[in-house]
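Q: What shape does this take:
(one chain, ligands or ions: 1)
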Amino acid sequence: MIRFDIISAVPSLLQSPFEHSILKRAVDRKLLKVQVHDLRAYGIGPHKQIDDYAYGGGAGMVMKIEPIFNIINHLKKQREYDDIIYLTPDGTLFDQRKANQLSLKANLILLCGHYKGIDERIREQLITQEISIGDYVLSGAELASAVVVDAVSRLIPGVLNDETSALTDSFQDGLIAPPVYTRPEEFSGWKVPSVLLSGHKAKINEWRYDQSIKRTKQRRPDLLKNH
Ligand code: ADE
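A: Below you'll find the model as predicted:
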């Protein structure tokens, strides 16, 4: 069971991603819990302010310390967290290895940034990990946090069954997954590779492995260095 507490200034962006398919099943089976918290509820003053002008000037607002500090404090009083993760484009690049590491944790806070980011003192004092999902800038980190929750949750034992096993996913063994086919055997002259119809398990595995290597060489030669 992993619990994610996601802190967001736009919680409605995270209403649906965990209510379908594999993630919904994980939630139903009590293998996953996702609680989204509205940062604005911890905002300051009558306007529930959560951002302010940057010291030193310049364009863009900065997320204030107090609301973030207060909500994290509130959460920490209820349970112990393995990590408090800030999602930011200047964080460490997220990959399958990081997803595997996080899937061994029990309680995680994901803090979603907005605007020009959060006051640096929060990063220095409270955040234990910083993650980026890629070298591009999103308007807010909500979609990034949904990506992290999805990639991690499918690795929790019991979330996937044999047919959907994460062990055959791309990247899990440092290679790209082989191509897959389903019925019909032939569609307007386009045929399924005959080895897959042979019923010969060892030959099929060998073919799949060869395809994985070939694809990885073609598409992601950088991965082969670690394989
Ligand atoms: N917030 C904005 N862009 C992001 C990214 N690429 N990864 C994580 N959080 C982000």
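
Q: what does this structure put close to the ligand?
A: L87, T88, P89, G113, S132, I133, G134, Y136, V137, L138, A141, A144 (C-beta under 6 Å from any ligand atom). Where C-beta positions appear, they are placed from N, C-alpha and C, glycine not excepted.

Q: now with 8 Å?
A: Applying C-beta under 8 Å from any ligand atom, we find that the chain lies next to the ligand at 87-89, 91, 94, 112-113, 131-141, 144-145.

Q: Please flag which of these sit within strands.
A: L87, T88, P89, G91, C112, I131, S132 (DSSP state E).

Q: so which of those residues is the most crowded?
A: C112 (27 neighbours; other C-beta atoms under 10 Å).

Q: separation between that one and K24?
A: Distance, C112 to K24, by C-beta to C-beta, to the nearest Å: 21 Å.

Q: Now do the strands in this structure.
A: Taking DSSP E, the strands of the chain run over residues 2-8, 32-38, 51-53, 61-63, 83-93, 107-112, 129-132, 186-187, 190-191.

Q: Single out the most deeply packed of the ones you listed.
A: strand 107-112 (a mean of 24; mean count of other C-beta atoms under 10 Å).

Q: What pairs with that one, parallel or antiparallel?
A: strand 2-8 (parallel), strand 83-93 (parallel) (DSSP bridges).

Q: Can you check the pLDDT for the residue nearest the centre of the chain?
A: Nearest to the mean C-alpha position of the chain, counting by C-alpha atoms, centre = their mean, stands V148 at 1.0 Å. According to the prediction, V148 has pLDDT 98.

Q: Which helix runs longest in this structure?
A: Secondary structure of the chain read by DSSP state H shows that its longest helix is helix 201-219.

Q: which residues touch that one?
A: L175, I176, A177, P178, P179, P193, V195, L196, S198, L223, L224, H227 (C-beta atoms under 8 Å, 6 or more residues apart in numbering).

Q: So which of these is the closest to I127?
A: Of all these, I127 sits closest to L223, with 29.4 Å by C-beta to C-beta.

Q: my guess is that closest one meets Q172, correct?
A: No - counting by C-beta atoms under 8 Å, Q172 is not a contact partner of L223; they are 11.5 Å apart.

Q: who does the residue lying closest to G134 once chain neighbours are set aside bridge with?
A: Counting by C-beta to C-beta, 6 or more residues apart in numbering, L93 is the residue found nearest to G134 once chain neighbours are left out, at 7.2 Å. Bridge pairing for L93 (DSSP bridges) gives the partners S132.

Q: contacting residues for L93?
A: Listed by C-beta under 8 Å, 6+ apart, the contact set of L93 reads S132, I133, G134, D135.

Q: swap in I118?
A: V62, M63, I68, Y86, L111.

Q: Relative to I85, how far out is the residue nearest to G134?
A: Distance, L93 to I85, using C-beta to C-beta: 14 Å.

Q: Check I7 too.
A: I7 is 10 Å from I85, by C-beta to C-beta.

Q: now the closest residue to P157 other than its chain neighbours: how far from L138?
A: Among residues not flanking P157 along the chain, L31 sits closest, at 8.0 Å (C-beta to C-beta, 6+ apart). Per C-beta to C-beta, L31 is found 28 Å from L138.

Q: likewise H114?
A: As for H114, its distance to L138 is 10 Å (criterion: C-beta to C-beta).

Q: Neighbour count for those two, which is higher?
A: H114 (20 against 17).

Q: follow-up on the earlier one: show me what contacts the residue nearest to P157?
A: L31 sits next to M1, I2, S153, I156, P157, G158, V159 when contact means C-beta under 8 Å, 6+ apart.
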